[in-house]
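**Q** Below are the sequence and a predicted model; questions follow.
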Amino acid sequence: MSAVETQAIPLGGPGLAQERRLVTAIPGPRSRDLLARKAAAVAAGVGHTVPIAAVAAGGGVVVDADGNSLIDLGSGIAVTSVGNAHPRVVEAVQRQAAQFTHTCFMISPYEGYVEVAEALNRVTPGAFEKKSALFNSGAEAVENAVKIARKFTGRQAVVAFDHAYHGRTNLTMALTAKSMPYKSGFGPFAAEVYRAPASYPLRDGLSGEAAAARAIDVIEKQVGAANLAAVIIEPIQGEGGFIVPAEGFLPAIAAWCRDNGVVFIADEVQTGFARTGAMFASELFGVEPDLVTTAKGIAAGLPLAAVTGRADIMDASHVGGLGGTYGGNPIACAAALASFEAFENDGLVERAREIGEVLASRLEAMRAGDPRIAEVRGRGAMMAIEFVDAEGRPDAALAGAVARASIANGVIVLTCGTHGNVIRFLPPLSIGDALLHEGLDVVAAALAANRQEVNS
Ligand SMILES: *Cc1c(COP(=O)(O)O)cnc(C)c1O
């Protein structure tokens, strides 16, 4: 066996050496072996961004089977916000797994589920009486929010926005805007889903009020408030490009919903749980959604999702209308409760704000004097840069090249955007400043090297 093959796999968590370390090219031989087995055994439609075999992660790094240590600026898509293998989470999961792994909450209820519901009712925006229901994935939470809104209003239509991403199930594909790769060839899609123009200040130049008026006009003319059960929107659009709506857009849409008996659903699956420097992004825009969908950051990677909102709306369904075999699994609930403790006791909302200040200043410095970066935007530890070509058109090739070069140099970054021309930064809130700066140094160097290549 080679030295690489005999090397011990480290335990994850914050004790993992917090360093960028490349001992092979990416992917190294052991990662290449796993990727070959993946290609043979796993359906081709399940892609991957970072060509490694992950074996441990924690703090701000992901370690691969070859012993490379990559700086993590993606958190597995905004999931491991408290940090991978966080000690509180590991302990809670181990304890719960040793007690019981499943009863089905619809058969024999248990305290963990109720505690998660109580916590969500407390921490989500709005002082009104709330209730929650737990599910397994963000898409499932969105499906259930729509079910609940339809039952409550007795209406069928749902409005989603340009650049929206709500998941990959049939209803959520219909709600999602982008065809490739999420929808192409997978139709027909669910009925009674309509699309309104979003607020995208870089591209539309509209004030929040003007963008909301434009959207409301489309909704009133093409759907009609009397037919509309719900409007669903991400307070900051995630997969669509980390698009921050103009000031006033979300409150105007929420007010119109209130005036017309339409349920206003904030999809906070990506923005939730301290990510944006607030517990929920809705708070940043002064809106109190009727329903909030959550998942991703809720349980440090254990599969859990929720719908939380006004008690009268949440109670609209008959008994047995909501649920699922695994929804609110006890181990996932234990992980969520440990995560909530970390969010509240480890000062992670404040940490997200600090990370946001570092990201904003470093990314603005990259943008200064570089016309290829059209905009730096986002909030807290959810920031992005949008790339354009010399004519101001979306430049997906550049975003892809910079992301690939960063990964090859040991920094995990993700792209996004309707046009694929955005690089997003979603570091775990457990990352240290030194590692964060080093990760951004690598991205900046990849961007500079790309310009030299083009010019030579
Ligand atoms: C990721 C995401 C979803 C879907 O969540 P899954 O857990 O992948 O089903 C829904 N909405 C938003 C805003 C997301 O970012």
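**A** Alright, I've got the coordinates. Residues are numbered from 1 along each chain as shown.

**Q** Only C-alpha atoms from now on, for both contacts and neighbour counts.
**A** Fine.

**Q** Flag the shaky bits of the chain, pLDDT-wise.
**A** In the prediction, the chain carries residues with pLDDT under 70 at positions 1-7, 456.

**Q** Which residue lies nearest the spatial centre of it?
**A** With distances taken as CA atoms, centre = their mean, the chain has Gln270 as the residue nearest its mean C-alpha position (2.6 Å).

**Q** if I look at it, how far off is the ligand?
**A** Taking CA to the nearest ligand atom, to the nearest Å as the measure, Gln270 falls 4 Å from the ligand.

**Q** Gly138 contacts Val292, doesn't it?
**A** No: using CA atoms under 8 Å as the test, Gly138 is too far from Val292 to be in contact (11.0 Å).

**Q** What is the neighbour count of Gly439?
**A** Gly439 has 26 neighbouring residues, counting by other CA atoms under 10 Å.

**Q** Report whether it is found in a helix, as I expect.
**A** Yes: Gly439: assigned to a helix according to DSSP: H, G, I helix; E, B strand; the rest coil.

**Q** now what about the helix or strand where Arg37 lies, what contacts it?
**A** Take DSSP states H and E as the rule and Arg37 turns out to sit in helix 29-41. Contacts made with helix 29-41 from outside it, assessed by CA atoms under 8 Å, 6 or more residues apart in numbering, are listed as 5, 51-53, 64-66.

**Q** same thing but 10 Å
**A** For helix 29-41, the external contacting residues (CA atoms under 10 Å, 6 or more residues apart in numbering) are 4-5, 26-27, 42, 44, 46-48, 51-54, 64-67.

**Q** swap in stretch 314-325?
**A** Under the criterion CA under 10 Å, 6+ apart, residues 102-107, 130-136, 140, 144-145, 147-153, 290-291, 307-309 lie in contact with stretch 314-325.

**Q** Over to Ala57: give its phi and psi.
**A** Dihedral angles phi and psi of Ala57 (degrees, to the nearest 10) take the values phi -160, psi 150.

**Q** measure it to Phe340 for me?
**A** 20 Å (CA to CA, to the nearest Å).

**Q** Counting neighbours, go ahead and name the busier of the two.
**A** For Ala57 against Phe340, the residue with the higher neighbour count under other CA under 10 Å is Ala57, and the figures read 29 against 24.

**Q** follow-up on the earlier one: from the contacts of helix 29-41, list just the buried residues.
**A** Restricting the contacts of helix 29-41 to buried positions leaves 26-27, 51-54, 64-67, with burial counted as 16 or more other CA atoms under 10 Å.

**Q** Which of the helices or strands spans Thr415?
**A** Thr415 is part of strand 414-416, with elements assigned from DSSP H and E.

**Q** quick revisit: just checking, which of the buried ones among the contacts of helix 29-41 belong to helices?
**A** Among the buried ones among the contacts of helix 29-41, no member falls in helices (criterion: DSSP state H).

**Q** closest to Arg95 among those residues?
**A** Closest approach to Arg95 among these (CA to CA): Ala54, at 24.8 Å.

**Q** Which strand residues bridge the closest one?
**A** Asp64 (DSSP bridges).

**Q** Quick one: residues contacting it.
**A** Applying CA under 10 Å, 6+ apart as the definition, the contact partners of Ala54 turn out to be 31, 34, 62-70.

**Q** Of Gly138 and Val292, give the one with the bigger neighbour count.
**A** More neighbours surround Val292 than the other of Gly138 and Val292, with 30 against 26 (other CA under 10 Å).

**Q** Three-state assignment for that one, please.
**A** The local conformation at Val292, judged by three-state DSSP, is strand.

**Q** just use 23 as the starting number from now, easier for me
**A** Taking 23 as the first residue, the last one we looked at is Val314.

**Q** so it touches Glu305, yeah?
**A** No: under the criterion of CA atoms under 10 Å, Val314 lies out of contact with Glu305, with a separation of 11.9 Å.

**Q** and for the two, which residues touch both?
**A** Residues touching both Val314 and Glu305 by CA under 10 Å, 6+ apart: 146-147.

**Q** In contact with whichever residue of the chain sits closest to the ligand, which residues?
**A** Among residues of the chain, the one nearest the ligand by CA to the nearest ligand atom turns out to be Gly160. It sits 3.2 Å away. By CA under 10 Å, 6+ apart, Gly160 lies in contact with 166, 188-190, 194, 289-292, 315-318, 325-329.

**Q** Need the max-distance pair from the buried ones among the contacts of helix 51-63.
**A** Across the buried ones among the contacts of helix 51-63 (CA to CA), the longest gap, 13.7 Å, separates Pro73 and Gly89.

**Q** what is in contact with these two at once?
**A** When contacts are counted by CA under 10 Å, 6+ apart, Pro73 and Gly89 are jointly contacted by Gly50.

**Q** Now stretch 279-289: buried residues?
**A** 279, 284-289.

**Q** Looking at the residues you listed, which are in strands?
**A** Secondary structure of those is defined by DSSP state E; positions in strands are 285-289.

**Q** so which of those residues comes closest to Arg394?
**A** The shortest separation between Arg394 and any of those is 30.7 Å, and it belongs to Asp289 (by CA to CA).

**Q** For the closest one, which residues are in contact?
**A** Residues in contact with Asp289 (CA under 10 Å, 6+ apart) are 160-161, 163-164, 167, 186-188, 254-260, 303-304, 311, 313-317, 329.

**Q** Likewise for Val398?
**A** Going by CA under 10 Å, 6+ apart, Val398 touches 264, 381-389, 405-409, 444-446.

**Q** Which is the succeeding secondary structure element to the strand holding Thr437?
**A** strand 444-447.

**Q** List the neighbouring strands of that next one plus their orientation.
**A** Based on DSSP bridges, the strands next to strand 444-447 in the sheet, each with its direction, are strand 404-409 (antiparallel), strand 436-438 (antiparallel).

**Q** Let me know which of these is tucked in deepest.
**A** A comparison of these by mean neighbour count, using mean count of other CA atoms under 10 Å, puts strand 404-409 on top with a mean of 27.

**Q** okay, now the nearest residue to Ala421 once chain neighbours are set aside: neighbour count?
**A** Among residues not flanking Ala421 along the chain, Asn443 sits closest, at 5.2 Å (CA to CA, 6 or more residues apart in numbering). The number of residues packed around Asn443, counting by other CA under 10 Å, is 23.

**Q** need the buried ones among the contacts of helix 51-63 in CSV with distance to Asp417, can you?
**A** Written out in CSV, the entries for these read as follows (distance: CA to CA, whole Å):
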residue, distance to Asp417
Ile48, 25
Pro49, 26
Pro73, 23
Ile74, 26
Ala75, 30
Ala76, 30
Asp86, 31
Ala87, 33
Asp88, 33
Gly89, 34
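
**Q** Gly369 and Ala430, how far apart?
**A** Distance of Gly369 to Ala430, computed by CA to CA: 33 Å.

**Q** what residues does the stretch 323-472 of the chain put near the ligand?
**A** Counting by CA under 6 Å from any ligand atom, none of the residues of the stretch 323-472 of the chain come close to the ligand.

**Q** What segments of the stretch 323-472 of the chain are helices?
**A** Listed in chain order, the helices found in the stretch 323-472 of the chain under DSSP state H, counting those that start in this stretch are 333-336, 352-367, 370-389, 418-430, 455-477.
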